[in-house]
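*Asks:* pasting the sequence and the predicted coordinates here, then a few questions.
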Amino acid sequence: MAKKIVTDLELKGKTVLVRADFNVPMKDGEITDDNRIVQALPTIKYIIEQGGKIVLFSHLGKVKEESDKAGLTLKPVADALSEKLGKEITFVPETRGKKLEQAVKDLNDGDVLLVENTRYEDVDGKKESKNDPELGKYWASLGDVFVNDAFGTAHREHASNVGIASNLETVAGFLMEKEIKYIGGVVENPDKPVVAILGGAKVSDKIGVITNLLNIADKVLIGGGMSYTFFKAQGKEIGLSLLEKDKVDFAKELLDRAGDQIVLPVDCKIAKEFSNDAEITEVSVDDIPADQEAMDIGPKTVELFKEQLQGAHTVVWNGPMGVFELSNFAKGTIGVCEAIAELKDANTIIGGGDSAAAAISLGYGDDFSHISTGGGASLEYLEGKELPGVVAIANK
Ligand code: ADP
Ligand code: MG
C-alpha cells in the first residue's frame, strides 16, 4: 500500500513532529557510530527548507529506572545533530511539561528542537513502550503534523510512533519511505526472479523469514551457522558445528517440501577452535570430522551461489555466511557481497543487523540498492508481518 510521504504536505509555518531513530551506539558518553543520525538528515533538512518548525523525538537504549537516565540522555545526539546541520538546535532535557511546551512555542520557521529520550517515560509505568494513550495524545498536542522516519522502531507499538500517529495526520519521512519501498517491495510485489540468501547463527531466529521467503523466492540459498542443522537433517556428520537439535525436524520438513528451491553449501572451512588463529581446512560438507567446527562456506559454495544469483532481478540477503567477525572466516561473506555487487540489473537488499554491519565493515556499503537500517524491524517485515509503525502512516 503506497503511503503518504513528507513531500505530500504543506509544511510552511507548521509545527512538524518528527520521530527519528537516534538510537545510536554509545560508549562513555560518546557516539561510536553516527550512521543513524546521518540517515535522518534528508528528512530534517527538507522540513527546514520548507519552513517547518521541527520537534524531534527518539528513544535511546532502555531506561528502566531513574538511575539509567543520566547515561541515556540525548544531549550528545543534539550536539552531533547541530554540527551536521551546521545550525544551533534547541535541546529540551525533558519529555513533557511547561518548559517543553514553551520551547515549542518559541520556535521560528526552520528551527529544530530535540526532546529528551522518549523512554524516560518508561521509568513510571512504561508509558512510552506500552503506548500509554495519554502520552501519545499529549505529544501529538504539541504539533500540527507528524512525520514518522523511525523505521528501526516500526515493529514496535510505542507512544512516540503509533501513539502520536493515532492523534495526528501522519506521513513517512524519506528513510521510512525507502525502507518501505525496498523491504516492503520484496514481500509485496518483487520483480522476479527472486533469490534469497539466508545465513547467520540460528535457524530458530529465522523460521518466520525462511518460511515467508520460500513463498516469495525462486531460490533460497542457505549458508552460515544455520545450514548445519539442515545438514544434520540430511543425516550428515557436522562435527562441532552449530546445531539446533530441536529444529532438525523443521529443517527436514522444509527440505522435503522445498526440493531444489533450497540450495545448501557444498563445502566449508573447518577448524578445531573458534579462533582466528586456528588452523583452517577446506572440506566437502560430506567430510566434516567429528572433532571440528565449520565456520564459513568454502570457495566452491561461493561459486555455486554466484551461479544461482545470475539472472536474478531481486536479491534479498539476511545473515552472514560465516563467522565474519574473524577475518579468516569472512571470505564466504565477502564472496557473496562481491557476487551481489556484480549484478547490475537487480534490486539488491540487505535486511538484518549483523548482515548490514558485515557488508558495511567489509567495504560493500555502496554496492547494494538498499541496506536496511532496522535489524529487528527488517526481519519482521521479511517475515511478512505488518509493522505497527508502518500501518499507522496514512495511505495515499
Ligand atoms: P542478522 O543480524 O543479520 O539477522 P544473525 O544475528 O542471524 O544475522 O547472525 C549473525 C551471526 O552469525 C554472526 O555473529 C556470525 O558470527 C554468526 N555465524 C555465521 N556463520 C556461523 C557459523 N558457521 N558458526 C557460528 N556462527 C556463525
Ligand atoms: Mg543479529
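*Replies:* Happy to help now that I have it. Ligands and ions are numbered 1, 2, ... in the order given.
*Asks:* where does T348 fall, secondary structure wise?
*Replies:* Here T348, judged by DSSP states H and E, is contained in strand 347-350.
*Asks:* tell me if that strand is near ligand 2.
*Replies:* No - for strand 347-350, no contact with ligand 2 is found by CB under 5 Å from the ion; the gap never falls below 12.1 Å. For glycine as for every other residue, the C-beta is placed from the backbone atoms N, C-alpha and C.
*Asks:* pLDDT averaged over that strand, what's the number?
*Replies:* The average pLDDT within strand 347-350 is 96.
*Asks:* and stretch 170-183, by the same measure?
*Replies:* Mean per-residue pLDDT for stretch 170-183: 97.
*Asks:* can I get it as PDB, trimmed to CA atoms?
*Replies:* Below are the C-alpha coordinates for stretch 170-183, written out as PDB (Å, rounded to 0.1, in the frame of the first residue of the first chain):
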ATOM      1  CA  THR A 170       1.000  11.000   9.800                       C
ATOM      2  CA  VAL A 171       3.300  10.700   6.800                       C
ATOM      3  CA  ALA A 172       6.500   8.800   6.200                       C
ATOM      4  CA  GLY A 173       9.900  10.500   6.200                       C
ATOM      5  CA  PHE A 174      12.400   9.800   3.400                       C
ATOM      6  CA  LEU A 175      14.200   7.000   5.200                       C
ATOM      7  CA  MET A 176      10.900   5.300   6.100                       C
ATOM      8  CA  GLU A 177       9.800   5.700   2.500                       C
ATOM      9  CA  LYS A 178      13.000   4.000   1.300                       C
ATOM     10  CA  GLU A 179      12.600   1.100   3.700                       C
ATOM     11  CA  ILE A 180       9.000   0.500   2.700                       C
ATOM     12  CA  LYS A 181       9.900   0.700  -1.000                       C
ATOM     13  CA  TYR A 182      12.700  -1.800  -0.800                       C
ATOM     14  CA  ILE A 183      12.000  -4.200   2.100                       C
END
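*Asks:* buried residues in that stretch?
*Replies:* Neighbour-count burial for stretch 170-183, with 16 or more other CB atoms under 10 Å as criterion, is recorded at 170-183.
*Asks:* likewise for stretch 13-20?
*Replies:* Here stretch 13-20 shows 14-20 as buried, counting by 16+ other CB under 10 Å.
*Asks:* for stretch 368-377, same thing?
*Replies:* Under 16+ other CB under 10 Å, the buried positions of stretch 368-377 are 368-375, 377.
*Asks:* quickly check: that stretch near ligand 2 or not.
*Replies:* No - residues of stretch 368-377 are not located near ligand 2 by CB under 5 Å from the ion, the shortest gap being 6.2 Å.
*Asks:* contact partners of that stretch?
*Replies:* 21, 35-36, 39, 151-155, 175, 178-179, 181-183, 340-341, 346-354, 356, 359-360, 365, 378, 387, 389 (CB atoms under 8 Å, 6 or more residues apart in numbering).
*Asks:* same thing but at 7 Å, please
*Replies:* 21, 36, 39, 151-152, 154-155, 175, 178-179, 182-183, 340, 347-353, 356, 359-360, 365, 378, 387 (CB atoms under 7 Å, 6 or more residues apart in numbering).
*Asks:* pick out the residue in this structure sitting closest to ligand 2.
*Replies:* D354 (3.9 Å; CB to the ion).
*Asks:* pretty sure that residue contacts P320?
*Replies:* Yes - under the criterion of CB atoms under 7 Å, D354 makes contact with P320 at 5.9 Å.
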